[in-house]
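> for reference, the sequence and a predicted model appear below.
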Amino acid sequence: MLGAAISPSLSLLLWVTILGSARGDDQREVEVGMNARIDQIVIPGPELEVIPHDDRSRPIVLRITATYPHGTNHRYDLVYSGLEPGEYDLTDYLRRKDGSAHEELPEIAVKVTAVLPQDRVRPNVLTSSESPSVGGYQTLVIVGSLLWLLGLVAILLIGRRRKLESEVTVDRPVTLADRLRPIVEEAIRGSLARERQAELERLLLTYWRRRLDLESTPAADAIQTLRQHPEAGELLRQLENWLHRPEPIGEVDVGALLAPYREATSDAGEVVPAS
Amino acid sequence: MAVEQDREAVTKGTIQFIEAIRERVGQVVVGQEVVVERLLIALFTGGHVLLQGVPGIAKTLLASALSRAIDLDFSRVQFTIDLLPADILGSEILDQRVNEFKVKKGPIFTNLLLADEINRAAPKVQGALLEAMQERKVTIGGETFTLPAPFLVIATQNPIEQAGTFELPEAQLDRFMLCHRLDYPSPSQEKEILRRNASLGVRRSDRGAIAQTEFDIIDHEPVGSSEQLIQAMEAVHHVHVSETFIDHVVAIINRTRSHPNIELGASPRAGIALIKASRARALIQGRDYVVPDDLFALAEDAILHRIRLNYEALADGLSGVQVLQSLLNDLGALVD
């Protein structure tokens, strides 16, 4: 019973809803640039289409989004937007698909309104103003240039001083001959301290190793080779007699022994490495 | 004057003694004259020697031949991972007949001990041996025993196989007076080794026979007595060391401490070893004074195992020998 009473009410509600949605929008007034819809409008006669745009001067842009047969007529969903404010008839932008005349069409009047006031045709004019001054660009350029120059001069001066300092140390490398000559002189004069006798012997050994190109030979082998050399061997034997024997055999003539080394030269470019 | 003449006679006798030993060892071992010299140096100075070399280059034969030549007791211990200090030093054993503990002395109680592959034993065994080497005394069960004199340890180390070994730390290495690196024999020496080996026959034993080895041809009759050995040790102490020579040694040792490629320089013990070894070498060479030749000949054996290269040198691919040789080469040119 109750179901029988409810069912006509529901059917009525459904029909109202369908009709409401079928009617759709009918926006006859729109602002410039905005889209508006006119749905389900019945226009008598054969089917219409939008006259294609071939220039940008037309104030209305129109599209037919859907066409439905409506008896001998047709029903349309239209979307349009206005580019210029004013009142327009949308039928001016339609034509028959079959090419026949359509003077009898009812007017579809729309109004395009402008948001801006009537006399406003351009954006606001930009106004320029002076930026706050921090001493002036010119002053900044001058001060910056002076600082840059001062920095450059400082760098150049420090670099030159360092170079000069390094030149002082590297300029005059001590050679083996440089070290040998004074110590030989002292030994010949008889004023060589006992502590420096070992240094003299090592210098002479190195001198001969360089002279005979034995620097890459193991030390034990090199000294054996030196012993076979007539000049170096005799020197080693005399040094041995002088410096190592508990009681030297005969008198060692240190002057004669070391005389050849008074004018020792750098035979092998013997720069003394820093210790 | 009479003292000097006696000393000359002793020196001549010592030189003959040394020559006889070298000749006797040379009958069994081909080449390796330098190693024999180093062993004699250690024997005459009471030092110990570490031999580094691959297996099969007559290290054991050499030690055995040397001990027989001077009538010395000889023991050989093969060091392994499971060796215990008691296996070398000895231990107390319960004598069940009298129900008392009795000391059983280990193989260290000998004149010449060959510690084969010392780096294979655990550090506690190495430590026990090296302590005994240093103190020449062993304590077993609360009782201290003095080791026989002379007492020389010849330890060997294989430098190639490092898996399962315990590298001797620098402090332990420092106890070895010399560390000599053995090389393979020359081709001519190797030919002689093969020739001699081929001539070895077969020895009859019980009801069978055993192929003879070089150990079988070692003459058991000693060519020198322990008295001659003592005389040689005394003669070493009479070898003159000049102040100049000491200055050279100090210069080398100091240089190892400031060398840019060396992280750990040589200890004062290195200098002591260098001078002791130089004196013994001078005696072996028939001199009563040391010369720089001794220093340069022994520097590698006395110093190299006491220094450690730094990371930069190792990264540059430098070896200890290269660094030491460069140090010796530059010695005269360096500012002291």
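Nice, thanks for sending it over. As the structure is a computational prediction, the values presented were derived from the model and not from experiment.

> give me the neighbour count for residue 34.
Answering for chain A, as no chain was given. Residues lying near A:M34 (other CB atoms under 10 Å in any protein chain shown) number 13. (Each C-beta comes from the backbone N, C-alpha and C, glycine too.)

> ah, I was thinking of chain B
With other CB under 10 Å as criterion, B:V34 counts 13.

> tell me where the chain has strands.
Went with chain A since none was named. With strands called from DSSP state E, chain A shows them at A:29-31, A:35-43, A:48-50, A:60-70, A:73-82, A:86-89, A:94-96, A:109-113.

> wait, chain B was what I had in mind.
Secondary structure of chain B (DSSP E): strands at B:49-52, B:74-78, B:90-95, B:100-105, B:112-116, B:137-140, B:143-146, B:152-157, B:178-181, B:202-205, B:208-211, B:262-264, B:308-309.

> am I right that A:A222 is in contact with A:D213?
No - under the criterion of CB atoms under 8 Å, A:A222 makes no contact with A:D213, lying 10.1 Å away.

> check contacts around A:P52.
With contact set as CB atoms under 8 Å, 6 or more residues apart in numbering or on different chains, A:P52 has no partners.

> need the pLDDT of the closest residue to chain B within the stretch 101-250 of chain A.
Among all residues of the stretch 101-250 of chain A, A:T206 sits closest to chain B, at 2.8 Å; criterion: CB to the nearest CB. As predicted, A:T206 sits at a pLDDT of 87.

> state the number of residues packed around it.
By the criterion of other CB under 10 Å, A:T206 has 25 neighbours.

> so how far is A:T217 from it?
Counting by CB to CB, to the nearest Å, the separation of A:T206 from A:T217 is 13 Å.

> need the residues of the stretch 51-200 of chain A near chain B, please.
A:V174, A:L176, A:R179, A:R194, A:E195, A:Q197, A:A198, A:E199 (CB under 8 Å from any CB of the partner chain).

> next step: those residues restricted to helices.
Per DSSP state H, helices hold the following members of those: A:L176, A:R179, A:Q197, A:A198, A:E199.

> which two among the residues you listed are spaced furthest apart?
For those, the farthest-apart pair by CB to CB is A:L176 and A:Q197; their separation is 17.3 Å.

> near chain A, which residues of the stretch 151-300 of chain B are found?
B:240, B:242-245, B:247-248, B:251, B:258, B:288-293, B:296-297, B:299-300.

> drop anything exposed from those.
B:242, B:244-245, B:247-248, B:251, B:288-293, B:296-297, B:299-300 (16 or more other CB atoms under 10 Å in any protein chain shown).

> what's the closest of those to A:D55?
Nearest to A:D55 out of those is B:E300 (CB to CB; 103.4 Å).

> any stretches of chain B with poor pLDDT?
Residue ranges of chain B with pLDDT under 70: B:1-10, B:161-162, B:332-336.

> so what's the residue nearest in space to the middle of it up against?
Nearest residue to the geometric centre of chain B (CA atoms, centre = their mean): B:V49, 2.2 Å. Contact analysis of B:V49 by CB under 8 Å, 6+ apart lists B:R38, B:L39, B:A42, B:L152, B:V153, B:I154, B:A155, B:F176, B:M177, B:L178, B:C179, B:H180.

> quick check: the last one touching B:V34?
Yes - judged on CB under 8 Å, B:H180 makes contact with B:V34 at a distance of 7.4 Å.

> can you count the residues close to A:E107?
10.

> what residues of stretch B:152-165 count as buried?
B:L152, B:V153, B:I154, B:A155, B:T156, B:Q157, B:N158, B:T165.

> bridged to the third one, which residues?
As for beta bridges, B:I154 partners with B:V49, B:L114 under DSSP bridges.

> roughly how far apart are it and chain A?
According to CB to the nearest CB, to the nearest Å, B:I154 and chain A sit 22 Å apart.

> can I assume that residue is in contact with B:H48?
Yes - taking CB under 8 Å as the definition, B:I154 is a contact partner of B:H48 at 7.4 Å.

> what sits in contact with each of these two?
Contacts common to B:I154 and B:H48, judged by CB under 8 Å, 6+ apart, are B:A42.

> quick check: domain ranges of chain A?
Following automatic domain parsing, one gets these domains for chain A: A:24-113, A:176-261.

> quick check: mean pLDDT of the longest one?
Confidence over domain A:24-113 (mean pLDDT, whole number) is 89.

> chain center to that domain: distance?
Here domain A:24-113 shows a centroid-to-chain-centroid distance of 57 Å under the convention CA atoms, centre = their mean, to the nearest Å.

> try the last one
In terms of CA atoms, centre = their mean, the centre of domain A:176-261 is found 65 Å from the chain centre.

> burial measure for the closest residue to A:R227 other than its chain neighbours, as a count.
Of all residues not flanking A:R227 in the chain, A:G233 sits nearest, at 4.7 Å (CB to CB, 6 or more residues apart in numbering or on different chains). Number of residues near A:G233 (other CB under 10 Å) recorded here: 15.
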